[in-house]
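Asker: below are the sequence and a predicted model for it; my questions follow.
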2 protein chains.
Amino acid sequence: MNLLHRRGVLRAAALFPLVGTPAAAQGNDPLPSWRDTAPKRAILDFAAAVTAEGTPGFVAPADRIAVFDNDGTLWVEQPIYPQFAYALDRLKAMAQRNPSWKQEPLFRAALAGDMKTVLASGSGGLQRLIGAALAGNTPEESARLAQAWLAQAKDPKWGKPYTALVYQPMIEMLRFLRARGFQTFIVSGGGVDFVRSFSEQVYGIPPWQVIGSTFELRSSLLDGKVNLTRLPAVDFIDDGPGKPIGIARQIGKRPLIAFGNSDGDFEMLQYTTEGSGRRLGVLIRHDDLEREHVYERDTQVGRLARALDAAPHRKWLVVSMKNDWSRIFA
Amino acid sequence: MNLLHRRGVLRAAALFPLVGTPAAAQGNDPLPSWRDTAPKRAILDFAAAVTAEGTPGFVAPADRIAVFDNDGTLWVEQPIYPQFAYALDRLKAMAQRNPSWKQEPLFRAALAGDMKTVLASGSGGLQRLIGAALAGNTPEESARLAQAWLAQAKDPKWGKPYTALVYQPMIEMLRFLRARGFQTFIVSGGGVDFVRSFSEQVYGIPPWQVIGSTFELRSSLLDGKVNLTRLPAVDFIDDGPGKPIGIARQIGKRPLIAFGNSDGDFEMLQYTTEGSGRRLGVLIRHDDLEREHVYERDTQVGRLARALDAAPHRKWLVVSMKNDWSRIFA
């Protein structure tokens, strides 16, 4: 999650109602919510090339690895990452049991919803808050808590559950690639427990194909039973240069295709497209004020500048949500 | 890998030629190399119960997780773990480029094959040796090096490649469980890169379903490209109490069934069988002098004492290689 790394100011995102777009006629089109523009053609061409048996570009199914960032690539991340909204709600729920928090300016600001002070505390402050909010639980409790929160929390702008604000074109892309023998992985800067709590149901991606940032886990005995609890200390930040490390450590193969939307995905796209043979890097650009948000260089939540500047030289595809997607939300 | 944890003395294992056992008639038996004894019946019964739709014991395919230790559970580990033989060969190959090693008693002993001194150095010494032997490579180089070594190395007792010394009954078990909707994972104390270098070909298990001990990875730029290299420092020991942590961190679900053979698997079996509903823990006992090895309480390579003592109380199955397997090697 970029919030763990960067200071930033929340953008006020205007409330735009979802424009109901009828789904394109499906027919034989595996990507009906993608308009027939250059990015779709390039992706279809890439998938055809690496799956064409008997050709030099053929890649065996075992090596067809596709990686996807989550926040801003598969679902909304503005005005704040859903996981950070979750952590703030958890802090509020836990405040009574932690009276000492009131003595600390950072926690007091978070509990009061003073986002300016919170974000001014930098990545160290954000890590402390998220660590405190989500520590102490077993992995199973963490999943239940996150699922319970997701079942009732609403995006502040659209009043919809976050899991309804996933991008339909990307859901189609996940299915399209899996149908062609790809294994799909999420490689998120967000906390892995949170993403795993909905990835199977929403994206069809099992937890062991989700890589993310982690807090340390402690193993101890409780009533004679193995008890795993999450500590407040960060173990691994799966963002920026951490993403290739997370991929190598957990997947063990270099991806063929990578989708991202921010500078935190730069190294993942770089690592992917520097592999031998044909590879593909794709950047999603948030440029649709009417149907989603517009943000790019001037935000700290999903900032896209360095990767966008590098895209032409590195031959990364740039997808415009406004021009290349006929429909945005699932 | 237990070697990273424990001091020990290598056992001299006598050279017993493989006794050619004709494979049992396959027919409808999914486990033809398992004799019709109590462990096989219990495993078949367990698999039938958790896959019986419409019954209270039914477990959805998404939650059918099976975990397997590697050394001594899926392939031979005596007289020394194959990965340690690999590390010693690498050290010898690298000695000329590292003249300072000759000044260090530990490295000098390793290069001279003085296993007594090496093992007397304890887990710290062994970690230093393995770290030095396998550091500096990219994940892709590590895989190629391990594969090249496995292609020519021979087990010292049988003169066969290590990958030929996998247990046929366990290969059948992996296939049997996968055919019933289980996801199969290796949870090894060994280094993850080494196990991944052959797991797909030999066990049908892709690298992202292999969890193991890790050395730190460093990400840097080399000629402007992302360059991941393994450092000599240990990052995570996936043995003993580390196994539940590795499972939670990488799989994200508690297993339904766990197979192990040593005290390093105790916590993995404990964590598995303490889950709600029906679970199964299985220990493989090395008690066949003629067809494999006999070792149990008095060895440091795959020691089995605490877990065996706990088995009756915890209702873990104990499988005798001698009595319950009609065939040992694949």
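Answerer: Alright, I've got the coordinates.
Asker: against A:Thr229, how distant is the closest residue to chain B within the stretch 1-150 of chain A?
Answerer: Among all residues of the stretch 1-150 of chain A, A:Pro139 sits closest to chain B, at 4.7 Å; criterion: C-beta to the nearest C-beta. The way it works is simple: take the backbone N, C-alpha and C, and place the C-beta from them, glycine included. Taken as C-beta to C-beta, to the nearest Å, the spacing of A:Pro139 relative to A:Thr229 amounts to 9 Å.
Asker: okay, these two: which has more neighbours?
Answerer: Between A:Pro139 and A:Thr229, A:Pro139 has the larger neighbour count (other C-beta atoms under 10 Å in any protein chain shown), namely 25 against 18.
Asker: the more buried one touches B:Ile247, doesn't it?
Answerer: No. Counting by C-beta atoms under 8 Å, B:Ile247 is not a contact partner of A:Pro139; they are 9.3 Å apart.
Asker: give the residues shared as contacts by A:Pro139 and A:Thr229.
Answerer: A:Leu217 (C-beta atoms under 8 Å, 6 or more residues apart in numbering or on different chains).
Asker: next, count neighbours for the nearest residue to A:Gly240 once chain neighbours are set aside.
Answerer: Counting by C-beta to C-beta, 6 or more residues apart in numbering or on different chains, A:Gly240 lies nearest to A:Gly264, which is 5.3 Å off, once chain neighbours are set aside. Using other C-beta under 10 Å, A:Gly264 has 29 other residues around it.
Asker: can you check A:Pro312 too?
Answerer: 9.
Asker: element containing it?
Answerer: Per DSSP states H and E, A:Pro312 falls inside helix A:306-314.
Asker: and that helix, how far out from the chain's middle?
Answerer: Counting by C-alpha atoms, centre = their mean, to the nearest Å, helix A:306-314 is centred 20 Å from the centre of its parent chain.
Asker: same for it, what does it pack against?
Answerer: In this structure, helix A:306-314 packs against helix A:266-273, strand A:280-285, strand A:317-320, with contacts taken as 3 or more C-beta pairs under 8 Å, 6 or more residues apart in numbering or on different chains; DSSP states H and E.
Asker: and it, C-alpha only, in PDB?
Answerer: Extracted in PDB, the C-alpha atoms of helix A:306-314 (Å, rounded to 0.1, in the frame of the first residue of the first chain):
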ATOM      1  CA  ARG A 306       7.600   8.000 -13.400                       C
ATOM      2  CA  ALA A 307       5.900   4.900 -14.800                       C
ATOM      3  CA  LEU A 308       3.900   7.000 -17.300                       C
ATOM      4  CA  ASP A 309       6.900   8.800 -18.500                       C
ATOM      5  CA  ALA A 310       8.800   5.500 -19.000                       C
ATOM      6  CA  ALA A 311       5.900   3.800 -20.800                       C
ATOM      7  CA  PRO A 312       6.700   4.800 -24.400                       C
ATOM      8  CA  HIS A 313      10.400   3.900 -24.200                       C
ATOM      9  CA  ARG A 314       9.600   0.600 -22.400                       C
END
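Asker: now it: buried residues?
Answerer: Across helix A:306-314, burial judged by 16 or more other C-beta atoms under 10 Å in any protein chain shown covers A:307-308, A:310-311.
Asker: do the same with stretch A:33-40
Answerer: So stretch A:33-40, judged by 16+ other C-beta under 10 Å, has buried residues A:33-35, A:39-40.
Asker: export those residues as TSV, with columns for distance to chain B.
Answerer: Listed next are these as TSV, based on distance: C-beta to the nearest C-beta, whole Å:
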residue	distance to chain B
A:Ser33	26
A:Trp34	28
A:Arg35	32
A:Pro39	24
A:Lys40	28
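Asker: in helices only, show me the residues you listed.
Answerer: A:39-40 (DSSP state H).
Asker: now for the buried residues of stretch A:33-40, which pair is the farthest apart?
Answerer: Farthest-apart pair in these is A:Ser33 and A:Pro39; separation 12.4 Å (C-beta to C-beta).
Asker: name the element A:Glu292 belongs to?
Answerer: Counting by DSSP H and E, A:Glu292 is part of no helix or strand.
Asker: hey, where'd the helices end up in the stretch 151-300 of chain A?
Answerer: Using DSSP state H, counting those that start in this stretch, the helices of the stretch 151-300 of chain A run over A:168-179, A:192-203, A:242-250, A:266-273.
Asker: okay, these in TSV with mean neighbour count, distance to B:Phe329 and mean pLDDT next?
Answerer: Converted to TSV, those look like this (neighbours: other C-beta atoms under 10 Å in any protein chain shown; distance: least, C-beta to C-beta, whole Å; pLDDT from 0 to 100):
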stretch	mean neighbour count	distance to B:Phe329	mean pLDDT
helix A:168-179	19	36	98
helix A:192-203	23	38	96
helix A:242-250	25	31	97
helix A:266-273	25	39	98
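Asker: between the helices and strands packed on helix A:306-314, which gets nearest to chain B?
Answerer: Short answer: helix A:266-273, nearest of those by C-beta to the nearest C-beta, at 4.4 Å.
Asker: distance from the chain centre to the closest one, please.
Answerer: Using C-alpha atoms, centre = their mean, the offset of helix A:266-273 from its chain centre is 16 Å.
Asker: and what of stretch A:281-301?
Answerer: With C-alpha atoms, centre = their mean, you get 14 Å for stretch A:281-301.
Asker: that stretch close to chain B?
Answerer: No. Stretch A:281-301 is not in contact with chain B by C-beta under 8 Å from any C-beta of the partner chain; minimum separation 12.3 Å.
Asker: what residues sit buried inside that stretch?
Answerer: Buried-residue list, stretch A:281-301, by 16+ other C-beta under 10 Å: A:281-288, A:291-295, A:299-301.
Asker: ok, the nearest residue to A:Ile328 once chain neighbours are set aside to chain B distance?
Answerer: Once flanking residues are discounted, A:Ile328 sits nearest to A:Arg291: 4.7 Å by C-beta to C-beta, 6+ apart. Applying C-beta to the nearest C-beta, to the nearest Å, the value for A:Arg291 to chain B is 33 Å.
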